[in-house]
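*Asks:* just a sequence and a predicted model for now, questions to come.
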Protein chains: 2
Amino acid sequence: MLTTKNKVIIYAQDSFGGESAKTGIGFIRYGICETVAVVDRKLAGKTVSDVVSGLPKIPIFESIESAKKNRPDADVLLVGIAPAGGKFPLEWLSDIKAAINLKMNIINGLHDFLENIPEIKELANKQKTFIWDVRKYKGELIIANALLLDLPMQVVLTVGTDAAVGKMTVSLELAKAARKNNFQAEFVATGQTGMMISGNGVPIDAIIGDFMAGAIEQQLLKVAKKKCDFAFVEGQGSILHPAWSGVTLALYHGSLPHKLILCHKVGNKYLRNTKIEIESLNQFIKVYESVSLPLRNAKVAGIALNMQGFTNEQALDAIKKAEDETGLLADDVVRNGGEKLFKSCLK
Amino acid sequence: MLTTKNKVIIYAQDSFGGESAKTGIGFIRYGICETVAVVDRKLAGKTVSDVVSGLPKIPIFESIESAKKNRPDADVLLVGIAPAGGKFPLEWLSDIKAAINLKMNIINGLHDFLENIPEIKELANKQKTFIWDVRKYKGELIIANALLLDLPMQVVLTVGTDAAVGKMTVSLELAKAARKNNFQAEFVATGQTGMMISGNGVPIDAIIGDFMAGAIEQQLLKVAKKKCDFAFVEGQGSILHPAWSGVTLALYHGSLPHKLILCHKVGNKYLRNTKIEIESLNQFIKVYESVSLPLRNAKVAGIALNMQGFTNEQALDAIKKAEDETGLLADDVVRNGGEKLFKSCLK
């Protein structure tokens, strides 16, 4: 597992600029240790801040070897992409082997587990480095049963119009804001990036269908023992995206949230890789509330807008528009922090 | 795989009377080969028709040995229970070994795979018998993408107020009724019993979350190649049951149905093992329709009532009441066949 002392190289060959690089970007923003380099030959010579504004000037290299030469202290290679489907590109294996031969530890969040490749596992054993396949679920396989009903802890789940709209970031910023307001708050990771950042959580989309809801339920029972006031659960997918809706609903019903925060990326017109139109925020509020378990009757409390690439003025406009449409508080937490949206969770 | 010539003993030790015996009962009713005995020491001496009216007088024995002694031609032991969570009771293993030593093949639909137990696998190899772990998914792991949108085939999905209310039976009876009306129709199994009966399908609740919807989508693409007019997809779980809702929704969105048939067991007041009240049929119609993908806008076309244990008069009353409440056609397909509900799919 990671400690604050590790030095990380993010591997995102040919991908760092794109949407699938959200793992790498999330780690740079919230990881518990320093990211010292990124590998992406297409962007070699630039820095991370050239690609994503607001992030530090971390240099980008064309290869693991050149990154490691520049930062010999780097000891972790983090596979920093999250492609839909989570397949590990086979052409990357030789780079992974090269990294292990350079005595680096490997963190991999894809559905394909590196530990299951005998060649890689043997090499890591030989070089005495670790492999952390984040999505390998090691918890018990049990079904959910609305066990969270009588806990005093407030559960806030981020839900989205789509995948990759910023649900993890919103949950992290809400937890930060809650702590600022002197509440005991926990971020509960459910995806690879969140788990890499927080060092625990459940890889919900990598669990067998029947046991997804039970896994998050068990995780929240553990969190509740810490006597926290708020658990901010990282949401997944979208209730109307055929590829992920099952995971979305299992997480929703398994975590039995009191409040939902609807996350949306401004400018998205269609659900990722489909012809399904995103009609309005109110459309999604209605659907999410309609499938709430009658036991809890969860309501959308606020709107989190992802305004990456827009000006501050445009962000202000979009926030006002969202508030007018929905009658709820809205904000961009990357720009403004989570304070305002956290207030919506207190109502 | 099973052929029409196999002779089956259903193993349901201490369980044949209960709800979890639905696998055994479903197989007796629809299996492609004869069931010659049931094992349940609590009911030994009775016949299947004493326990479930309308089923044949198959004798029930206290042990595999006594059943096999009575029917030396029996060559398959079918594990005939479906407990929530799908765990294989460890105390049954010695019976499974005894059956293999009697040269029987084993069919197991639980989440725990018998093939993964070295001792069992070696014994089966030695005795030259097969083990079919029905829930072991062997298809490709890919995500769904609304690929069924432009197919001419009509997809009808059974959905339920709860698990174990008769969705498989309804789908089978609808397929039968469609064929009687000279349509080309396929039953598409998604659960262990349906797969045992039809010899194919996808064990949807045993697939990793991210790939459930993709699995049923791929299965339906295959079915569509047979140029059938109707695909009747066996539904799973309930959209409002925390233990199964993720599987339910993945199946719903992955199969992109044109029509839904809502299945309900008359007399059920609460969702299985929970305090969640079943308020009304209209409540479930509303929730199922609200999460329909906008691309397809699936509607509930009819209501299938499970009236096991009720009189014909009570059934008539319940059917009328359901029709009055919902304004849709309703029927009990076990009592009356699928003709009437199939008509609701033609509208």
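*Replies:* Cool, got the structure.
*Asks:* touching, residue A:40 and residue A:18? I think so.
*Replies:* No - applying Cβ atoms under 8 Å, one finds residue A:40 not in contact with residue A:18, separated by 9.9 Å. No exception for glycine: its C-beta is placed from N, CA and C like everyone else's.
*Asks:* same drill for those two, tell me which one is more crowded.
*Replies:* Per other Cβ atoms under 10 Å in any protein chain shown, whichever of residue A:40 and residue A:18 has more neighbours is residue A:40, with 26 against 14.
*Asks:* check contacts around the more buried one.
*Replies:* With contacts defined as Cβ atoms under 8 Å, 6 or more residues apart in numbering or on different chains, the neighbours of residue A:40 are A:12-17, A:60, A:62.
*Asks:* domains in chain A, as residue ranges please.
*Replies:* A:7-133, A:154-346 (automatic domain parsing).
*Asks:* deepest-packed of the ones you listed, please.
*Replies:* Ranked by mean neighbour count, the domains of chain A are led by domain A:154-346 with a mean of 22 (mean count of other Cβ atoms under 10 Å in any protein chain shown).
*Asks:* measure it end to end?
*Replies:* 9 Å (Cα to Cα, to the nearest Å).
*Asks:* re the thing from before, in strands only, show me the contacts of residue A:40.
*Replies:* Counted as lying in strands by DSSP state E, out of these, are residue A:60.
*Asks:* rebuild the contacts of residue A:40 as JSON lines, extending it with pLDDT and distance to chain B.
*Replies:* Converted to JSON lines, the contacts of residue A:40 look like this (pLDDT from 0 to 100; distance: Cβ to the nearest Cβ, whole Å):
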{"residue": "A:12", "pLDDT": "93", "distance to chain B": "21"}
{"residue": "A:13", "pLDDT": "90", "distance to chain B": "22"}
{"residue": "A:14", "pLDDT": "89", "distance to chain B": "21"}
{"residue": "A:15", "pLDDT": "89", "distance to chain B": "18"}
{"residue": "A:16", "pLDDT": "90", "distance to chain B": "23"}
{"residue": "A:17", "pLDDT": "78", "distance to chain B": "23"}
{"residue": "A:60", "pLDDT": "97", "distance to chain B": "29"}
{"residue": "A:62", "pLDDT": "96", "distance to chain B": "31"}
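*Asks:* in helices only, show me the contacts of residue A:40.
*Replies:* Under the assignment DSSP state H, the contacts of residue A:40 contribute nothing to helices.
*Asks:* and the contacts of residue A:40, which two are furthest apart?
*Replies:* A:17 and A:62 (14.5 Å; Cβ to Cβ).
*Asks:* not counting sequence-adjacent ones, nearest residue to residue A:87?
*Replies:* residue A:112 (6.0 Å; Cβ to Cβ, 6 or more residues apart in numbering or on different chains).
*Asks:* hang on, residue A:159 packs against residue A:240?
*Replies:* No - Residue A:159 is beyond contact range of residue A:240, at 10.8 Å (criterion: Cβ under 8 Å).
*Asks:* common neighbours of these two, please.
*Replies:* residue A:284.
*Asks:* where do the strands sit along the stretch 201-347 of chain A?
*Replies:* All strands of the stretch 201-347 of chain A, identified by DSSP state E, counting those that start in this stretch, fall at A:230-233, A:259-265, A:299-306, A:329-331.
*Asks:* picking that back up, in a markdown table, list the domains of chain A along with distance to residue B:341.
*Replies:* Below are these laid out as a markdown table (distance: least, Cβ to Cβ, whole Å):
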| stretch | distance to residue B:341 |
| --- | --- |
| domain A:7-133 | 37 |
| domain A:154-346 | 25 |
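*Asks:* ranking the ones you listed by mean pLDDT, which is last?
*Replies:* In terms of average pLDDT, domain A:7-133 trails the rest of the domains of chain A, at a mean of 92.
*Asks:* how long is that one end to end?
*Replies:* 18 Å.
*Asks:* cool, stretch A:104-119 as well?
*Replies:* Termini of stretch A:104-119 sit 16 Å apart (Cα to Cα).
*Asks:* helices of chain A, start to end?
*Replies:* For chain A, applying DSSP H gives helices covering A:22-30, A:48-51, A:64-70, A:93-101, A:118-127, A:167-180, A:192-198, A:212-224, A:245-255, A:281-290, A:312-326, A:333-336, A:339-346.
*Asks:* contact partners of the first one?
*Replies:* Right, helix A:22-30. A:8, A:10, A:12, A:16, A:35, A:38, A:48, A:52, A:55-56, A:58, A:78-82, A:109, A:164, A:168-169, A:172, A:192-194, A:196-197.
*Asks:* return it as CSV; C-alpha atoms alone will do.
*Replies:* Extracted in CSV, the C-alpha atoms of helix A:22-30 (Å, rounded to 0.1, in the frame of the first residue of the first chain):
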residue,chain,number,x,y,z
LYS,A,22,-9.2,10.5,-15.0
THR,A,23,-7.4,8.1,-12.8
GLY,A,24,-4.1,9.8,-13.2
ILE,A,25,-5.5,13.3,-12.9
GLY,A,26,-7.5,12.3,-9.7
PHE,A,27,-4.4,10.8,-8.2
ILE,A,28,-2.3,13.9,-8.9
ARG,A,29,-5.0,16.1,-7.3
TYR,A,30,-5.8,14.0,-4.2
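*Asks:* how about residue A:1, what does it touch?
*Replies:* Contacts for residue A:1 were tallied using Cβ under 8 Å, 6+ apart; they are A:132, A:199.
*Asks:* what sits against the nearest residue to residue A:302 once chain neighbours are set aside?
*Replies:* The shortest distance from residue A:302 to any non-neighbouring residue, by Cβ to Cβ, 6+ apart, is to residue A:344 (3.4 Å). With contact taken as Cβ under 8 Å, 6+ apart, residue A:344 is in contact with A:259, A:261, A:301-302, A:328-329.
*Asks:* any chance of the residues you listed in CSV, plus distance to residue A:234?
*Replies:* What follows is these, written out as CSV (distance: Cβ to Cβ, whole Å):
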residue, distance to residue A:234
A:259, 14
A:261, 11
A:301, 16
A:302, 16
A:328, 20
A:329, 20
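*Asks:* state the phi and psi torsions of residue A:337.
*Replies:* Per-residue torsions, residue A:337: phi 80, psi 180 (degrees, to the nearest 10).
*Asks:* out of the contacts of residue A:344, flag the one nearest to residue A:313.
*Replies:* Nearest to residue A:313 among the contacts of residue A:344: residue A:329, at 19.6 Å, using Cβ to Cβ.
*Asks:* distance check, the closest one against residue A:35.
*Replies:* 32 Å (Cβ to Cβ, to the nearest Å).
*Asks:* tell me the contacts of residue A:302?
*Replies:* Going by Cβ under 8 Å, 6+ apart, residue A:302 touches A:261-262, A:328-331, A:340-341, A:344-345.
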